[in-house]
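S.K.: no sequence for this one, just the structure:
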Ligand code: UGA
């Protein structure tokens with residue numbers, strides 16, 4: 001039965017592509033993954049994952065060809081020729097980072113992928129865009145594809161955005177909340193349904209749309225999530241001014257199903273490779289479309305978010321008596337969120353970097369993000385454990401909510417620091433516990449005592 005199933009390729013093996021490739025192999029498809037970076041391909045071919053993503057290495061090793069006991073359905077290559085030859089359905093999963101010094105998304109990786117693949121398509125194929133792109137890209141890429149492919153219109157495009165979260169990539173890919181299929185033909189819809197048939201689609205609504213809507217679903221979803229976070233962070237600002245407690249407030253409004261409890265954790269705000277840049281790219285694109293007014297509120301969402309970081313710096317300055325010069329600051333957390341080693345646009349590292357620039361002696365510890373943090377901010381201090389990081393600290397900042405930090409013993413840490421003073425930038429530490437151990441404990445948007 002397997003032989004009759006479409007053969008799948010995945011172009012780009014970042015969080016999205018590597019996970020998608022492994023998931024497709026897990027569903028029983030023959031899969032060929034491509035990356036232009038040979039080192040990445042070599043790692044993946046050994047069943048190693050170039051980033052920290054729970055469960056992904058295990059899933060890969062169950063399928064990568066040549067690994068003992070593996071299904072052998074998953075291989076990797078750097079060759080587009082091989083990809084074009086092999087695949088019936090090609091998933092494009094390359095990234096679209098923010099352009100340097102601009103709000104717009106950098107489409108060069110997507111464009112290059114299409115421009116390289118299309119001229120090699122000599123038999124009918126469905127190319128499925130998964131990257132997050134400015135609305136209108138799919139229309140343009142469909143024309144490019146049909147124009148460059150030797151099979152012409154038989155090289156068809158579908159747009160199928162992805163909603164996985166880092167740290168939950170495997171789970172989200174295997175059990176998506178919904179599958180969105182932007183298609184122009186029944187054939188494309190049928191092929192996509194076939195690819196997603198079985199356990200993955202069970203319980204997942206399949207929403208069929210046109211191209212622009214499919215592209216917009218992704219940016220709208222991320223904008224909504226960012227809006228929720230900035231909303232609760234705005235409430236945190238008000239709570240601080242009024243001596244209220246944003247954690248209680250979030251809990252109470254979250255009991256209303258229409259509002260929901262998720263994504264209402266106030267703190268130093270959102271970061272990472274998606275939310276911040278997607279908001280900005282969305283505003284830039286709306287401007288090009290003459291719809292910029294509709295999204296002016298996103299500018300405010302972005303600035304509330306950036307204000308969280310500077311507010312944290314101010315609180316730190318206050319905590320050490322007004323001047324940061326020479327003060328020892330311990331920073332717990334470097335990755336943009338727990339269960340990830342990703343430090344792209346990390347609020348924690350941004351705060352650490354600002355404090356360093358203002359003369360503080362900053363020492364950072366993160367359970368998984370150290371190597372990436374060092375590469376990005378080589379001038380910061382780093383320690384091999386939370387306990388080492390807080391040694392002789394004048395103040396401790398909790399900036400990424402790893403479980404490990406929630407389980408820290410305030411007594412033990414208290415012995416190591418110069419001052420028992422901690423600022424919780426993520427609202428996941430228990431104030432009573434720390435205060436009982438004699439710490440001055442301050443959390444964003446919560447009463448000071
Ligand atoms: C986000 C979306 O959640 C995914 O659905 C989407 O597929 C992905 O972007 C993408 O576009 O590829 P991700 O960037 O992995 O996923 O991270 P999130 O879990 O959304 O967290 C983003 C940031 O918001 C983190 O810095 C996190 O600490 C922060 N956050 C989240 C809060 O400050 N408060 C909350 O209540 C929730």
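M.R.: On my side now, so go ahead. As the structure is a computational prediction, the values presented were derived from the model and not from experiment.
S.K.: what about residue 298, which helix or strand?
M.R.: If you go by DSSP states H and E, residue 298 is part of helix 296-319.
S.K.: buried sites along that helix?
M.R.: 298, 301-302, 304-305, 308-309, 311-313, 315-317, 319 (16 or more other C-beta atoms under 10 Å). Where you see a C-beta, it was placed from the backbone N, CA and C, and this is true even at glycine.
S.K.: Make JSON lines out of those and add pLDDT and distance to the ligand.
M.R.: Formatted as JSON lines, those follow (pLDDT from 0 to 100; distance: C-beta to the nearest ligand atom, whole Å):
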{"residue": "298", "pLDDT": "98", "distance to the ligand": "15"}
{"residue": "301", "pLDDT": "98", "distance to the ligand": "12"}
{"residue": "302", "pLDDT": "98", "distance to the ligand": "13"}
{"residue": "304", "pLDDT": "98", "distance to the ligand": "11"}
{"residue": "305", "pLDDT": "98", "distance to the ligand": "9"}
{"residue": "308", "pLDDT": "98", "distance to the ligand": "8"}
{"residue": "309", "pLDDT": "98", "distance to the ligand": "11"}
{"residue": "311", "pLDDT": "98", "distance to the ligand": "13"}
{"residue": "312", "pLDDT": "98", "distance to the ligand": "12"}
{"residue": "313", "pLDDT": "98", "distance to the ligand": "17"}
{"residue": "315", "pLDDT": "97", "distance to the ligand": "16"}
{"residue": "316", "pLDDT": "98", "distance to the ligand": "18"}
{"residue": "317", "pLDDT": "98", "distance to the ligand": "22"}
{"residue": "319", "pLDDT": "96", "distance to the ligand": "21"}
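S.K.: quick revisit: against which helices or strands is the helix holding residue 298 packed?
M.R.: helix 211-242, helix 275-288, helix 347-357, strand 395-398, strand 421-424, strand 440-443 (3 or more C-beta pairs under 8 Å, 6 or more residues apart in numbering; DSSP states H and E).
S.K.: Highest mean neighbour count out of the ones you listed?
M.R.: strand 395-398 (a mean of 30; mean count of other C-beta atoms under 10 Å).
S.K.: Briefly note if the helix or strand following that strand comes near the ligand.
M.R.: Counting by DSSP H and E, the next helix or strand C-terminal to strand 395-398 is helix 403-406. No. Applying C-beta under 6 Å from any ligand atom, one finds helix 403-406 out of contact with the ligand, separated by at least 13.3 Å.
S.K.: Following element in sequence after helix 403-406, please.
M.R.: Criterion used, DSSP H and E; the element after helix 403-406 is helix 410-416.
S.K.: Angles on the backbone of residue 342, please.
M.R.: The phi and psi values for residue 342, taken as degrees, to the nearest 10, are phi -80, psi 130.
S.K.: Assess the claim that it and residue 369 are in contact.
M.R.: Yes. Counting by C-beta atoms under 8 Å, residue 342 does reach residue 369; the two are 7.3 Å apart.
S.K.: what does the stretch 201-350 of the chain put close to the ligand?
M.R.: 222, 225, 229, 263-265, 267, 269-272, 274-275, 278, 336-337.
S.K.: where along the stretch 51-200 of the chain do the strands fall?
M.R.: 74-77, 89-92, 125-129, 155-159, 179-182 (DSSP state E, counting those that start in this stretch).
S.K.: Excluding its own residues, what touches the third one? List them.
M.R.: Spelled out, it's strand 125-129. 6, 84, 87-92, 110, 114, 117-118, 137-138, 141, 145, 149, 151, 154-160, 187-188, 191-192 (C-beta atoms under 8 Å, 6 or more residues apart in numbering).
S.K.: ok, 6 Å please
M.R.: Applying C-beta atoms under 6 Å, 6 or more residues apart in numbering, the contact partners of strand 125-129 are 89-92, 145, 155-160, 188, 191.
S.K.: Please apply the same query to stretch 409-419.
M.R.: Looking at what lies outside stretch 409-419 - C-beta under 6 Å, 6+ apart - the contacts are 387, 390, 391, 392, 393, 394, 420, 433, 434, 437, 439.
S.K.: If you count neighbours, what's buried in that stretch?
M.R.: Under 16+ other C-beta under 10 Å, the buried positions of stretch 409-419 are 410, 413, 414, 416, 417, 419.
S.K.: In the stretch 101-250 of the chain, which residue sits closest to the ligand?
M.R.: Proximity of the stretch 101-250 of the chain to the ligand (C-beta to the nearest ligand atom) peaks at residue 166, 3.6 Å away.
S.K.: okay, now the nearest residue to that residue once chain neighbours are set aside: neighbour count?
M.R.: Nearest non-adjacent residue to residue 166, counting by C-beta to C-beta, 6 or more residues apart in numbering: residue 340, 4.5 Å away. Residue 340 has 28 neighbours, counted by other C-beta atoms under 10 Å.
S.K.: I'd guessed residue 340 sits against residue 165; true?
M.R.: No. Assessed by C-beta atoms under 6 Å, residue 340 is found out of contact with residue 165, at 9.0 Å.
S.K.: Tell me how many other residues crowd residue 4.
M.R.: With other C-beta under 10 Å as criterion, residue 4 counts 5.
S.K.: That concludes my questions; thank you for your assistance.
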